[in-house]
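Asker: Sequence plus the predicted model coming up.
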Amino acid sequence: MIPGGDALDAAVNTRGAFAEAILRGIGAPMSTSNMQAMMAWMTGENTRAAFNPLATTRKGFAGATDFNTAGVKNFKDFEQGVAATLETLNLSYYTDIVTALQQGTNPVELQSLVRDSPW
């Protein structure tokens, strides 16, 4: 039997699934090192914002609310959180992060690129 309802939601909405969706969305390989880099980034953000493990502040999504005073958003669902994060990553000042993931990166390199960006 295929799980449904809450069980399916829990399976789909993991940080691993979020990382995979982001990597696919930017055309990056689904490598072990890229996944480790994404998971480390999420851990570093240390947020509990809904459907927003990378803590984007991207505006313009119906139903999104502020998670904190910095403007990090709670998104209404997994798809909205992925879409907002992809929009954010496609801004010109995140090119180095996206390029590194597309070429294959590691947690140390990605951490340095995120730290040096306006993220």
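Answerer: Okay, I see it.
Asker: and the lengthiest helix in the chain, how far from the chain's centre?
Answerer: Scanning the chain for the helix with the most residues, using DSSP state H, yields helix 32-45. Offset of helix 32-45 from its chain centre (C-alpha atoms, centre = their mean, to the nearest Å): 9 Å.
Asker: Give me the helices and strands touching it, please.
Answerer: With contacts taken as 3 or more C-beta pairs under 8 Å, 6 or more residues apart in numbering; DSSP states H and E, helix 32-45 sits against helix 15-25, helix 95-103, helix 107-115. In short, each C-beta sits where N, CA and C put it, glycine included.
Asker: can you tell me which residue is nearest the centre of the chain?
Answerer: Among the residues of the chain, the one closest to the centroid is Leu54, at 4.5 Å (C-alpha atoms, centre = their mean).
Asker: still on that earlier bit, among the helices and strands packed on helix 32-45, single out whichever gets nearest to Ala83.
Answerer: Closest approach to Ala83 among those (C-beta to C-beta): helix 15-25, 8.4 Å.
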